[in-house]
Each structure stands twice: as structure tokens, then as C-alpha cells.
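# sequence first, then the predicted structure, then my questions.
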Amino acid sequence: MNTTLAYTPGIIRTEEGLMPKKSTTDISGFGARLVELRKAAGFTQLELAQELGVSRRMIAYYEGETEHPPTTILPRLAQALGVSADELLNGGGRREAPPVPASIRLQRKLQQLEKLGAKERRQAMQMLDMFIERGQLKRQA
């Protein structure tokens, strides 16, 4: 029995039911991989955007259901996340993740602090000392 079935893009209708078309390239998981790798690297969307010189909305777009990875910033994106472009695109070459410090954000802020001038570093150290001392006093009370 041959029935006429309506055409729906991306769906193959068979006698047994509906079946999604297989993509020739597997980039459907790109957004999910980007989210996973961004979080593993300790970035928020805004921080990653600032690192790459793009808007936060662009990072959100790339993490969404886009079928077109950002080829223009792909090398910088992979470098910022500490992975290869192949791993970012295909999830290939998965390796054991290096141990992640307790606070990657804090570590990154300290690295930025090291790039400041001597006066700014000294002021920041004084502020840190003040917060640490206050925290120790609270624990003693």
C-alpha cells in the first residue's frame, strides 16, 4: 500500500513512522560541547566573550542550536578553552581533564592582577590582606 505523506524538512516519513535525516557532518553537538568546555575552563559567557573580543550574545548564539561554528574565531576560542579545534568541533581527541583548581576565576583574576603596575598590585594586596584578616576574625568570634 503506497500512501502519500506530507514533506517536512529534516524528517523522512516511512511506513514504520517518522525518522530524522542523518546529517553529513556532526556539528549538532557543537553548542553543547562549547558549554561544557567553557564551564570546565571556568568562564562565564561574559568572561569568554571579553577574552575573545566579541559580545556575550555571540557566545550564547554559538552555544545554542547553531549549525555553523564560528570559523572566524575558532582558533582563538579553542586556545581560550585550552583545547584543540578538532576537540571543539568534533569532541575528538578527548583526554583526561587536568585537575581544576578550586577557583579558576580567582586564579585568572590573580593573573590579571600580576599584569598591573606595582602601585596597583600593592593596593590590591592590601585589600586582600584586609579581607583575609576580617575573615579570620569572624572565624575566631
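That came through, no problem.

# how is the chain divided into domains?
Recorded structural domains for the chain (assignment: automatic domain parsing) are 30-90, 104-140.

# next, the buried residues of the last one.
Looking back up the chat, that one is domain 104-140. The neighbour-count check on domain 104-140 (16 or more other C-beta atoms under 10 Å) flags Arg108 as buried. Backbone N, C-alpha and C define where each C-beta goes, glycine included.

# pLDDT of that domain, averaged?
Averaging the model's pLDDT scores along domain 104-140 yields 83.

# cool, the longest one as well?
Mean pLDDT, domain 30-90: 86.

# so how far is that domain off the chain centroid?
Offset of domain 30-90 from its chain centre (C-alpha atoms, centre = their mean, to the nearest Å): 5 Å.

# end to end, how far does it reach?
Terminal residues of domain 30-90 are spaced 7 Å apart (C-alpha to C-alpha, to the nearest Å).

# can you give the contact residues for the helix or strand hosting Asp129?
Taking DSSP states H and E as the definition, one finds Asp129 inside helix 118-140. The contact list for helix 118-140 (C-beta atoms under 8 Å, 6 or more residues apart in numbering) reads Leu113, Glu114, Leu116.

# how many degrees apart are the helix or strand hosting the first one and helix 118-140 in direction?
Which is Leu113. Taking DSSP H and E as the definition, one finds Leu113 inside helix 104-114. Put simply, helix 104-114 runs at 140 degrees to helix 118-140, going by axes from the mean of the first three to the mean of the last three C-alpha atoms, to 10 degrees.

# renumber starting at 40 from here on
Done: numbering now begins at 40, and the last item shifts to helix 143-153.

# the closest residue to Ala124 other than its chain neighbours: what's it in contact with?
Nearest residue to Ala124, sequence neighbours excluded (C-beta to C-beta, 6 or more residues apart in numbering): Ala117, at 4.5 Å. By C-beta under 8 Å, 6+ apart, Ala117 lies in contact with Ser123, Ala124, Glu126, Leu127.
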